[in-house]
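Colleague: just need the structure, nothing else, for what follows:
(chains A and B)
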Amino acid sequence: MDSTVVSTGTEEDKWGGGTKPLNVSYGKMMMWFFILSDALTFTGFLAAYGFSRFKFIEEWPLADEVFNHFPFLHGTDAPMFYVALMTFILIGSSVTMVLAVDAGHQMKQKKVAFYMLLTVIGGMIFVGSQAWEWKNFISGEYGAVTTKGGKILQFLDVETGKRVALEDFAEVGPRDAAPYGNSQGVWFESSGEYNATYTFEEVKKGFEANPNVTIRTQQLILNEETGGSEKLVLSRADALVKLNKDGVGVVEGANLTENEYGAPLFADFFFFITGFHGFHVFSGVMFNLLVFFNVLLGTYERRGSYEMVEKVGLYWHFVDLVWVFVFTFFYLV
Amino acid sequence: MADHAAHTDGHAAHKLEIFRGLVKFKSNTQKIWGVLIFLSLVTIVEVALGYIKPDLLNATFLKLKILNWIFIILTLVKAYYITWDFMHMRDETSGLRRAVVWTAVFLIIYLIAILLVEGEYIYEVYRDAAVSSDF
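Modeller: Here you go, the predicted structure:
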């Protein structure tokens, strides 16, 4: 029966139906609202990071000291350069994405495919870079001592003020690891601590024997001259007292319960925020790959519209957008 | 196919002006490269400031270092151009733009304000407590 679809005769009126007030397709509009809700999820994460940072405002790790690695420049202090590079890679892949969308409007199949491929490659390089960043963060560089209060004590050279790694001064005691191998398990039972190469006693002995090493707490103090923040360095005498009174364990690198950089929450947020973002990039790469193959197969050519490229494009740019904020709040501020 | 025709027509009308009409590009492709150059410049400035950390910018304004204010403002500038030009928000109807942007801006400011105020309060509780939290 024709009467199931009725024409009201009021289509010309603003509220008579048949108008498209937002002038976009259903899919694109829903992608925008998904992005809106996802943006709020990331806001939740970043605002929680801000909450914890304000809570520990006087002892939060300095990002410059944590993220200072660059591939093939081992041992060089290169704060932020690698994340800056990652930012450029992601912005670059955003540009190839928007070029693909533009080529789609002109119905140029080969051009769309080419730019989609570049976007996928850019995304993969970014995820790989993040994995490398995680690897450095997890393995750590210098090692530190944990205290009863759950704080971190780091070691410095008295004269140069440079950081000193545990391996440079710890007095390693006897090890019974020799008869075992990695594959037999429990090989660390009586040598070193869980997650660490050395026991606390070994570090303490080494510290007492090396008068040129001192301790830096995670307390941030104001440098009156520059107005900048820096970590509180203890005198050698204070350091000995502090280590004997408060020290309990050794930590190397980072995990979800402790890390050698400072407040445990710092590592937790690093893993969750960059991990959640990395997961978005990974799924974005998958969507892009799917669309890339569809472009090659001519799916959108037959459909007569490359709007799907536009929709995954919106998602991809959103991932870039989030990174801009993560970059600022994790590495710069 | 009628839909498709309308679709391509709609996009023939990309808005090609940025910086409130100061710069006008000849084509959409050209605009994309122009925006890329602008975003890269902003990022370079951010990294340079983060690396040098000029002492001058350590002064505080509204409880935050001027350097951090600069970082946050530059981030928002970048976010604006990514959304407006890469995501083509500039070409959408004002209804869609407001539904997405105003909602986000309102809820984000609300969430951040509440959490940061609460975070600082807890910091003060720890700082002023009779019993030290670092035992």
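
Colleague: what residues are up against residue 116?
Modeller: Unless you meant another one, I'm taking chain A. Residue A:116 makes contact with A:96, A:97, A:100, A:288, A:291, A:292, A:295, A:309, according to C-beta atoms under 8 Å, 6 or more residues apart in numbering or on different chains. In this view, the C-beta of every residue, glycine as well, is placed from N, C-alpha and C.

Colleague: my question was about chain B
Modeller: With C-beta under 8 Å, 6+ apart, residue B:116 has these contacts: A:47, A:50, A:51, A:54.

Colleague: quick check: residue A:132 vs residue A:86, distance?
Modeller: 10 Å (C-beta to C-beta, to the nearest Å).

Colleague: so the residue in the stretch 201-333 of chain A that chain B sits nearest to: helix, strand or coil?
Modeller: Residue of the stretch 201-333 of chain A nearest chain B, by C-beta to the nearest C-beta: residue A:227 (3.2 Å). Classification of residue A:227 using DSSP: H, G, I helix; E, B strand; the rest coil returns coil.

Colleague: got a pLDDT number for it?
Modeller: Listed pLDDT for residue A:227 reads 82.

Colleague: and for it, the neighbour number?
Modeller: 17 (other C-beta atoms under 10 Å in any protein chain shown).

Colleague: tell me which of the contacts of residue A:116 is nearest to residue B:18?
Modeller: When these are compared for distance to residue B:18 (C-beta to C-beta), residue A:97 wins out at 18.7 Å.

Colleague: and that closest one, what element?
Modeller: In the assignment (DSSP states H and E), residue A:97 maps to helix A:81-105.

Colleague: what's the following helix or strand after that helix?
Modeller: By DSSP H and E, the next helix or strand past helix A:81-105 is helix A:109-139.

Colleague: return the set of buried residues in the first helix or strand past that following helix going along the chain.
Modeller: Where DSSP H and E defines the elements, the next helix or strand beyond helix A:109-139 is strand A:144-147. By 16 or more other C-beta atoms under 10 Å in any protein chain shown, the buried positions in strand A:144-147 come out as A:144, A:145, A:146, A:147.

Colleague: what's opposite the third one in the beta bridge?
Modeller: Spelled out, it's residue A:146. Bridge pairing for residue A:146 (DSSP bridges) gives the partners residue A:152, residue A:249.

Colleague: isn't it right next to residue A:246, touching?
Modeller: No - using C-beta atoms under 8 Å, residue A:146 is not in contact with residue A:246, being 9.1 Å away.

Colleague: ok, the residue in the stretch 1-150 of chain A positioned nearest to chain B - contacts?
Modeller: Residue nearest to chain B within the stretch 1-150 of chain A: residue A:54 (3.1 Å; C-beta to the nearest C-beta). Residues near residue A:54 by C-beta under 8 Å, 6+ apart: B:116, B:119, B:120, B:122, B:123.

Colleague: wait, isn't residue A:157 in contact with residue A:213?
Modeller: Yes - Residue A:157 is within contact range of residue A:213, at 6.6 Å (criterion: C-beta under 8 Å).

Colleague: more neighbours, the two?
Modeller: In this view residue A:157 and residue A:213 are compared by other C-beta under 10 Å, and residue A:213 has more residues nearby, 18 against 15.

Colleague: what is in contact with residue A:157 and residue A:213 at once?
Modeller: Counting by C-beta under 8 Å, 6+ apart, the residues touching both residue A:157 and residue A:213 are residue A:164.

Colleague: show me what counts as buried in the lowest-mean-pLDDT helix or strand in chain A.
Modeller: When the helices and strands of chain A are scored by mean pLDDT, DSSP states H and E, helix A:63-66 comes last with a mean of 87. For helix A:63-66, burial by neighbour count (16+ other C-beta under 10 Å) applies to A:63, A:65, A:66.

Colleague: and the residue most central in space within chain B, which helix or strand is it part of?
Modeller: The centroid of chain B falls nearest to residue B:76 when counting by C-alpha atoms, centre = their mean (1.8 Å). Using DSSP H and E, residue B:76 falls within helix B:66-81.

Colleague: quick one: mean pLDDT for that helix?
Modeller: Mean predicted lDDT for helix B:66-81 stands at 96.

Colleague: stretch B:106-124 now?
Modeller: 96.

Colleague: please tell me how far that stretch is from the chain's geometric centre.
Modeller: Taking C-alpha atoms, centre = their mean, to the nearest Å, the mean C-alpha location of stretch B:106-124 is offset from the chain mean by 19 Å.

Colleague: now do stretch A:247-261
Modeller: Centre to centre, stretch against its chain (C-alpha atoms, centre = their mean), the figure for stretch A:247-261 is 18 Å.

Colleague: I'd like the mean pLDDT over that stretch, please.
Modeller: Mean per-residue pLDDT for stretch A:247-261: 91.

Colleague: next: stretch A:85-99.
Modeller: The model assigns stretch A:85-99 a mean pLDDT of 95.

Colleague: quickly check: it near chain B or not.
Modeller: Yes - judged by C-beta under 8 Å from any C-beta of the partner chain, stretch A:85-99 and chain B are in contact via A:87, A:88, A:91, A:92, A:94, A:95, A:97, A:98, A:99.

Colleague: for residue B:62, see how far away the second one is.
Modeller: Going back to what we said before, that points to residue A:88. Distance check for residue A:88 against residue B:62: by C-beta to C-beta, it reads 31 Å.

Colleague: looking at these two, which one has more neighbours?
Modeller: More neighbours surround residue A:88 than the other of residue A:88 and residue B:62, with 17 against 6 (other C-beta under 10 Å).

Colleague: model confidence for residue B:52, exactly?
Modeller: 89.

Colleague: for it, what are its contacts?
Modeller: The contact partners of residue B:52, by C-beta under 8 Å, 6+ apart, come to none.

Colleague: likewise residue A:328?
Modeller: Applying C-beta under 8 Å, 6+ apart to residue A:328 gives the contacts B:46, B:71, B:72, B:74, B:75.

Colleague: confirm it sits in a strand?
Modeller: No - checked against three-state DSSP, residue A:328 lies outside a strand; its state is helix.

Colleague: with distance to residue A:271 added, can I get the residues of stretch A:85-99 next to chain B in JSON lines?
Modeller: As requested, these are exported to JSON lines (distance: C-beta to C-beta, whole Å):
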{"residue": "A:87", "distance to residue A:271": "20"}
{"residue": "A:88", "distance to residue A:271": "24"}
{"residue": "A:91", "distance to residue A:271": "24"}
{"residue": "A:92", "distance to residue A:271": "26"}
{"residue": "A:94", "distance to residue A:271": "25"}
{"residue": "A:95", "distance to residue A:271": "29"}
{"residue": "A:97", "distance to residue A:271": "27"}
{"residue": "A:98", "distance to residue A:271": "31"}
{"residue": "A:99", "distance to residue A:271": "34"}
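
Colleague: what subset of the residues you listed is buried?
Modeller: The neighbour count (16+ other C-beta under 10 Å) marks A:87, A:88, A:91, A:92, A:94, A:95, A:97, A:98, A:99 as buried among these.

Colleague: please enumerate the strands of chain B.
Modeller: Secondary structure of chain B by DSSP state E: the strands cover B:17-18, B:23-24, B:60-61, B:64-65.

Colleague: in chain B, which helix is the longest?
Modeller: helix B:94-128 (DSSP state H).

Colleague: how far does it sit from its chain's centre?
Modeller: The chain centre lies 15 Å from the centre of helix B:94-128; the measure is C-alpha atoms, centre = their mean.

Colleague: okay then, goodbye and thanks.
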